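Asks: model this:
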Amino acid sequence: IDKHRHYELKHFCLQYPEWKRTYADLDDPSIPLSTIDRAPTSNLPGDPTAKRALVKAKYSEKMQLIEKTAMETDRYLCDYILKAVTENLSYTYLKSKLEIPCGRDMYYDRYRRFFWLLSEARQ
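Replies: Here you go, the predicted structure:
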């Protein structure tokens, strides 16, 4: 994939922690939907519970796409890949702090494969 497509997908993945927080916040009915999700909801049904469910489904779908792609990339390294692409962690960090069980070349091969698979899934 080209450089700009890679950056687009990388920034998509870096939103994952924010999506997880928002997804969790949607379970709290005391928090108004307008403060959780800044997307306009005027085209959604009038029922506030239905609006929350639709917004929650939107975030769930995005998170599952990233998780599924990490799993497809390498079932043994998927947790490391997921952490790296969603938290912008380097191989050095993964090796020294998280003890990733592979070498640099293998990791970057899987890292590039992840973004290729994600690019294919997002077309």
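Asks: contacts and neighbour counts: CA atoms only from here.
Replies: Noted.
Asks: Can you tell me which helices and strands whichever strand or helix holds residue 7 packs against?
Replies: Here residue 7 is covered by helix 3-14, with elements defined by DSSP states H and E. The elements that helix 3-14 packs onto, with contact taken as 3 or more C-alpha pairs under 8 Å, 6 or more residues apart in numbering; DSSP states H and E, are helix 78-87, helix 104-121.
Asks: do that again at 10 Å, thanks
Replies: Counting contacts by 3 or more C-alpha pairs under 10 Å, 6 or more residues apart in numbering; DSSP states H and E, the secondary-structure elements packed against helix 3-14 are helix 48-73, helix 78-87, helix 104-121.
Asks: could you check the angle helix 48-73 makes with the shortest one?
Replies: Using axes from the mean of the first three to the mean of the last three C-alpha atoms, to 10 degrees, one finds that helix 78-87 and helix 48-73 are set 120 degrees apart in direction.
Asks: which residues are contacting helix 78-87?
Replies: The set of residues external to helix 78-87 that reach it, using C-alpha atoms under 10 Å, 6 or more residues apart in numbering, is 9-18, 66-75, 88-91, 93-95, 98-101, 107-108, 110-111, 114-115.
Asks: on that earlier part again, let me know the average pLDDT across the helix holding residue 7.
Replies: This predicted structure assigns helix 3-14 an average pLDDT of 97.
Asks: check which helix or strand covers residue 30.
Replies: Residue 30 is part of no helix or strand, with elements assigned from DSSP H and E.
Asks: Please tell me how far it sits from residue 52.
Replies: When C-alpha to C-alpha, to the nearest Å is the yardstick, residue 30 and residue 52 sit 12 Å from each other.
Asks: Which strands or helices does the lowest-mean-pLDDT helix or strand in the chain pack on?
Replies: When the helices and strands of the chain are compared on mean pLDDT, DSSP states H and E, helix 33-36 comes out lowest with a mean of 73. Packing partners of helix 33-36 (3+ C-alpha pairs under 10 Å, 6+ apart): helix 16-25, helix 48-73.
Asks: I am finished for the moment; much appreciated.
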